[in-house]
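Novice: Please work out how this folds:
(one chain, ligands or ions: 2)
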Amino acid sequence: MIVARTRAVRLLAGASVLALLAACRSSPEVREFTNSYPTEATPVGVTREFALTAAPATVTLFDGRPLQVWAYNQQVPGPVLRVRLGETVRATLTNRLPQPTTIHWHGVRVPNAMDGVPGVTQPPVQPGDSFVYEFTPKDAGTFWFHPHLRSSEQVERGLFGVLIVEDLAPRPYSQDVLWVLDDWLLTSEGEIFPQFNTRHDLAHDGRWGNVVTVNGRTREQLVVKAGERIRLRLLNVANGRVFRPDFSGLDAKVIAVDGMYAARPLDPAGFELAPGNRLDLDITVAADRGGQRVVVTDRFTQRPIPLAEVIVADAVVATPDFASPARAHVPVWGNTQELTTRAEYRLDARRGGPFGIQWTINGEAYDHADHGAPPHNVQTLPYGEWSKLRFANDSFRLHPMHIHGQFFKVLARNGARVEEPFWRDTVLLHAKETVEVGLVPQDRGRWMLHCHILEHAESGMMTLVEVRD
Ligand code: C2O
Ligand code: CU
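Specialist: Ligands and ions are numbered 1, 2, ... in the order given. Take a look at the predicted model:
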């Protein structure tokens, strides 16, 4: 016993010496990255099983009308899977759709084989078949899952769900609330508009709906008590729509972006939620607000859209008192202008392809579902080393660029340095904009890099990066 322990101690000591040596050899950027987030998961030996059946369903949305959708477990918005950090997720997907599907765990750092990309990490799950996804999340936060096959149709029809990974010691918020932001393009009969990937959608910012919903409702209400402290998790599952929620009138601070805690609490003004993005807020309802109502409004477009109403009940409760969880270590990476760019991604469109318009990255349209060859420019990102990537939008459309399996930090916009004290997995590029990001890949394998406007992705705006030693 003692011998075994000594050996274990010696092994551990050896390992940390190696880590130390590696750290000394590494670049200043990698050293600054240290302690940003864990390299490995820490499983606690508890497995949480979930069954997710993707199938056509009828649900009641939009204040009472029935709607034919495709859904996981007949639910829109989809099931909310809640686990504690360190618990293992085992989710069995059963496909009862009329077409193949997969599940991608957006923002979750999973082993590559669990990433749900057909043609890259797994075969498509055919109708009638099942697939078991198993992984232990490395990070606590707000994540989501959705199909990665014909996603412009499957997500639009209602296939998405939420994965909430709770902290080891969750803060004692009065309420933990989720708002799933979405929009729906409905026909005059109130059905989901049945043509997908239309020329119009492709020539614009994807498919934007005519009904905007929060949690499937056009008038979502959140009832709170004066004094309460709320954790509000926002998630944009729309195909193309970007939201800029206005929280004025509420004492709200952003504590996490794309699942990961920020370095400090941030003012939510001006934050944009592109498709795929999440934002967690820490809201304290002042004790003197009893009886008041605050409407949270989307201000991304010219026409303000009311999203939801916060109704403050008269009862007053004591405000839970604890430090903001937003205190992550996020590197500054200040001298990035001089550091070389590992890859540049030029984003543009051209005529052609099955939909008449193709969206391209460096002149190439790629779809992993084409069972074809990989894209020509699979960029290698060295494992554990710092890389800078540049996205250059040569078009006038929006492109929320998403990288699977990694978090990155925005370093510059249009050549000017920006200091975002948080990580992202998706960054929105506006017309003609250039964005530079820095990252230290922590998971080996072939990972998607694509636009999260699902029509843009579907018509070619995808590529792969390969993380290896
Ligand atoms: Cu939510 Cu490949 O993305
Ligand atoms: Cu795009």
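Novice: and Gly194, what does it touch?
Specialist: Rather than Gly, residue 194 is Pro. Pro194 makes contacts with Thr187, as judged by CB atoms under 8 Å, 6 or more residues apart in numbering. All C-beta atoms are positioned from the backbone trio N, CA, C, and that covers glycine.
Novice: How about the one 3 residues further on?
Specialist: Contacts for Asn197 were tallied using CB under 8 Å, 6+ apart; they are 152-153, 355, 455, 458-459.
Novice: okay, now the nearest residue to it once chain neighbours are set aside: neighbour count?
Specialist: Closest residue to Asn197 apart from its sequence neighbours, by CB to CB, 6 or more residues apart in numbering: Phe355 at 4.9 Å. Look at Phe355: counted by other CB atoms under 10 Å, it has 19 neighbours.
Novice: got a pLDDT number for the closest residue to ligand 1 within the chain?
Specialist: Nearest residue of the chain to ligand 1: His106, at 3.6 Å (CB to the nearest ligand atom). According to the predicted model, the pLDDT of His106 comes to 98.
Novice: how about the nearest residue to it, chain neighbours excluded?
Specialist: Closest residue to His106 apart from its sequence neighbours, by CB to CB, 6+ apart: Trp144 at 5.0 Å.
Novice: Give me the three-state assignment for the one you found.
Specialist: Look at Trp144: counting by DSSP: H, G, I helix; E, B strand; the rest coil, its state is strand.
Novice: Check what contacts the helix or strand encompassing Leu307 and list those residues.
Specialist: Secondary structure assigned from DSSP states H and E places Leu307 in strand 305-316. The set of residues external to strand 305-316 that reach it, using CB under 8 Å, 6+ apart, is 179, 181, 212, 214, 219-227, 243, 245, 250, 285, 287, 289-298.
Novice: for that strand, which positions count as buried?
Specialist: 307-308, 310, 312-313, 316 (16 or more other CB atoms under 10 Å).
Novice: Let me have those residues in JSON lines, extended by distance to ligand 2.
Specialist: Conversion of the buried residues of strand 305-316 to JSON lines gives the following (distance: CB to the ion, whole Å):
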{"residue": "Leu307", "distance to ligand 2": "23"}
{"residue": "Ala308", "distance to ligand 2": "27"}
{"residue": "Val310", "distance to ligand 2": "32"}
{"residue": "Val312", "distance to ligand 2": "39"}
{"residue": "Ala313", "distance to ligand 2": "42"}
{"residue": "Val316", "distance to ligand 2": "47"}
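Novice: Now the two most distant members of the residues you listed.
Specialist: The largest separation in the buried residues of strand 305-316, counting by CB to CB, is between Leu307 and Val316 at 26.1 Å.
Novice: Can you list phi and psi of Glu49 for me?
Specialist: phi -100, psi 140 (degrees, to the nearest 10).
Novice: Return the residues in contact with the residue of the chain closest to ligand 1.
Specialist: When the contact criterion is CB under 8 Å, 6+ apart, the partners of His106 are 143-146, 276, 402, 425.
Novice: just so I have it, where are all the helices in this protein?
Specialist: For the chain, the helices defined by DSSP state H occupy 2-25, 28-33, 151-154, 199-203, 454-458.
Novice: Could you check stretch 262-278 against ligand 2 for contacts?
Specialist: No: Stretch 262-278 stays clear of ligand 2 (CB under 5 Å from the ion), getting no nearer than 9.2 Å.
Novice: what about that stretch and ligand 1, any contact?
Specialist: Yes: Stretch 262-278 reaches ligand 1 (CB under 6 Å from any ligand atom) through Gly276.
Novice: Can I get that stretch as CSV, trimmed to CA atoms?
Specialist: Coordinates of each C-alpha in stretch 262-278 appear next as CSV, following Å, rounded to 0.1, in the frame of the first residue of the first chain:
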residue,chain,number,x,y,z
ALA,A,262,-16.1,35.9,-18.2
ALA,A,263,-13.2,37.5,-16.3
ARG,A,264,-15.5,39.9,-14.7
PRO,A,265,-19.2,40.9,-14.8
LEU,A,266,-20.0,42.9,-17.9
ASP,A,267,-22.6,45.4,-19.0
PRO,A,268,-25.0,43.6,-21.4
ALA,A,269,-25.6,46.7,-23.5
GLY,A,270,-24.7,46.1,-27.1
PHE,A,271,-24.1,42.3,-26.8
GLU,A,272,-25.2,40.5,-29.9
LEU,A,273,-26.4,36.9,-29.9
ALA,A,274,-25.8,35.4,-33.3
PRO,A,275,-27.1,31.9,-34.1
GLY,A,276,-25.4,29.5,-31.7
ASN,A,277,-24.3,32.1,-29.1
ARG,A,278,-25.2,32.0,-25.4
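Novice: Below-threshold pLDDT in the stretch 1-150 of the chain: ranges please.
Specialist: With pLDDT under 70 as the threshold, the stretch 1-150 of the chain has low-confidence stretches at 1-24, 63.
Novice: what does it put close to ligand 1?
Specialist: If contact is defined as CB under 6 Å from any ligand atom, the residues of the stretch 1-150 of the chain in contact with ligand 1 are 104, 106, 146, 148.
Novice: What subset of those is buried?
Specialist: Burial by neighbour count, 16+ other CB under 10 Å: within those this picks out 104, 106, 146, 148.
Novice: Those: which two are farthest apart?
Specialist: Farthest-apart pair in these is His106 and His148; separation 9.2 Å (CB to CB).
Novice: May I have the residues that are in contact with the residue nearest to Ala349 when sequence neighbours are not counted?
Specialist: Of all residues not flanking Ala349 in the chain, Trp359 sits nearest, at 5.2 Å (CB to CB, 6+ apart). For Trp359, the contacting residues are 202, 347-349, 365, 451, 456-457, 459-461, taking CB under 8 Å, 6+ apart as the criterion.
Novice: and if you look at Val296?
Specialist: If you count contacts by CB under 8 Å, 6+ apart, Val296 has them with 245-247, 250, 306-310.
Novice: same thing but at 6 Å, please
Specialist: Contacts of Val296 were listed using CB atoms under 6 Å, 6 or more residues apart in numbering, and they are 245, 247, 307-308.
Novice: Dig out what it forms beta bridges with.
Specialist: Ala308 (DSSP bridges).
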